[in-house]
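Chemist: need a 3D model of the sequence below.
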Amino acid sequence: MAAKSIISRPVYGTLGPQPGKHHLFIADAEGALAIRDMAGSAPAGFFDGAEIVFIPGSDGKHIAALEMLKPAQFHQAPSFASLLPRLRQTLANAHMGLRLYLAGTEGLIGQAMQVALEAGIDHTSIQTEHRGSLARRMQCVHCKGITENVTTQPATCAHCGLLLLVRDHYSRRIAAFQGVCINAEDRSEIPPMEEVFR
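Modeler: A predicted model of the protein is given here:
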């Protein structure tokens, strides 16, 4: 019997070229490979009206592969927070028929999806593909702080220091998994940390 899926957990697909004149790609790290793979099935001239915004990470991998696609615009950003003003402005000025492609980590996809929906982009115009790390973006339900790139179970809140059980419950509203105090009854009880979200 197959394990039951968590209802709140996002479901990701595979990027595929959509009809339209305006294509916006937001990707981080291994998400570049999803764009490159999709390019193999894209019609000639597809990237002539495309903008790619890429967060390469510290190693700078995949930049050349994306530049070879010759998009109309190519931008690099050091973090999602740094590209946020540009993304909001791009979405605010978007024309009808914009296609949005999100690829990479769950943290990037969730945050970019949240911004796009707030800007009024129809969810049917957005494609997602998860690639790379399974690290989670976690919200502490106690202090409401967000901790990025959580790979362990349990995890320590970067804001209040509580030891948190990282639940599978995902909040689309804040684009994060929920973390609850694992040792609320007895703080001296400290279970071993294991790296489970790689």
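Chemist: I figured Phe37 was touching Leu15, is that so?
Modeler: Rather than Phe, residue 37 is Asp. Yes. Counting by C-beta atoms under 8 Å, Leu15 is a contact partner of Asp37 at 7.4 Å. Any C-beta I mention is one placed from the backbone N, CA and C, and that applies to glycine too.
Chemist: these two: which is more packed in?
Modeler: A direct count of neighbours by other C-beta atoms under 10 Å for Asp37 and Leu15 places Leu15 higher, at 24 against 15.
Chemist: tell me the contacts of the more buried one?
Modeler: By C-beta atoms under 8 Å, 6 or more residues apart in numbering, Leu15 lies in contact with 34-35, 37-38, 101, 103, 127-129.
Chemist: possible to save the residues you listed as a markdown table with pLDDT?
Modeler: Listed next are the contacts of Leu15 as a markdown table, based on pLDDT from 0 to 100:
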| residue | pLDDT |
| --- | --- |
| Ala34 | 97 |
| Ile35 | 98 |
| Asp37 | 97 |
| Met38 | 97 |
| Tyr101 | 98 |
| Ala103 | 98 |
| Gln127 | 97 |
| Thr128 | 97 |
| Glu129 | 97 |
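Chemist: nearest to Met138 among the residues you listed?
Modeler: Checking the contacts of Leu15 against Met138 by C-beta to C-beta gives Thr128 as the nearest, at 19.6 Å.
Chemist: partners of that closest one in the sheet?
Modeler: Leu102 (DSSP bridges).
Chemist: okay but it is in contact with Phe25, surely?
Modeler: No. If you go by C-beta under 8 Å, Thr128 and Phe25 don't touch, sitting 11.4 Å apart.
Chemist: please identify every residue contacting each of the two.
Modeler: Taking C-beta under 8 Å, 6+ apart as the criterion, Thr128 and Phe25 both touch 101-103.
Chemist: can I have the strand or helix carrying Leu164 written out in CSV, keeping just the CAs?
Modeler: If you go by DSSP states H and E, Leu164 is part of strand 163-171. Taking Å, rounded to 0.1, in the frame of the first residue of the first chain, the C-alpha atoms of strand 163-171 are listed here in CSV:
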residue,chain,number,x,y,z
LEU,A,163,14.4,22.9,18.8
LEU,A,164,11.7,22.2,16.2
LEU,A,165,10.1,19.2,14.6
VAL,A,166,9.9,20.0,10.9
ARG,A,167,6.4,18.9,10.0
ASP,A,168,5.3,17.9,6.5
HIS,A,169,2.5,20.5,6.7
TYR,A,170,3.3,23.2,4.1
SER,A,171,1.7,26.7,4.2
